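# Have a look at this prediction, sequence included:
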Amino acid sequence: MALDHPFLVQIDVKSGGSFGETMNAIRTWLDHRHIQPAAFTPVANPRSGVGFEVGFNSENEAHLFEEAFHAGAVPKRLNSTMPTEPR
């Protein structure tokens, strides 16, 4: 059985940007900081068409990523007692 990752952040491919460019920017940022995501999944998004959901085992890493990419926390803190309401 697969475990859910507690800290998920969703990033949309920016208007005019490409799927590959966005994925490369994410990978470069993660590698530069020696952060290994727990999950990295492409997702369909009704607003922008496509994006990524990135899972982290550390809340701090999730917040750093969210700030760097102006991403939206999905706050699905699945294995946490924290509220799931957006900030």
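Great, that's in hand.
# Poorly predicted segments of this protein, please.
The chain contains residues with pLDDT under 70 at 1-5, 47-48, 71-87.
# Let me see the ranges of the helices in it.
Along the chain, the segments classed as helices by DSSP state H run 19-32, 59-68.
# Which one of these lies nearest to residue 8?
Residue 8 lies closest to helix 59-68 among those, at 7.4 Å (CB to CB). (C-beta placed from N, C-alpha, C; glycine too.)
# Report all helices and strands that that closest one contacts.
strand 7-12, helix 19-32, strand 49-56, strand 72-73 (3 or more CB pairs under 8 Å, 6 or more residues apart in numbering; DSSP states H and E).
# I'd like these laid out as CSV, including mean neighbour count.
Conversion of those to CSV gives the following (neighbours: other CB atoms under 10 Å):
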stretch, mean neighbour count
strand 7-12, 22
helix 19-32, 13
strand 49-56, 19
strand 72-73, 16
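# can you list the ones you listed in a markdown table and add distance to residue 41?
Formatted as a markdown table, the helices and strands packed on helix 59-68 follow (distance: least, CB to CB, whole Å):
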| stretch | distance to residue 41 |
| --- | --- |
| strand 7-12 | 9 |
| helix 19-32 | 11 |
| strand 49-56 | 5 |
| strand 72-73 | 15 |
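# circling back to that earlier point, want to try CSV for the helices of the chain, with distance to residue 44 as columns?
Output for these, formatted as CSV (distance: least, CB to CB, whole Å):
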stretch, distance to residue 44
helix 19-32, 12
helix 59-68, 20
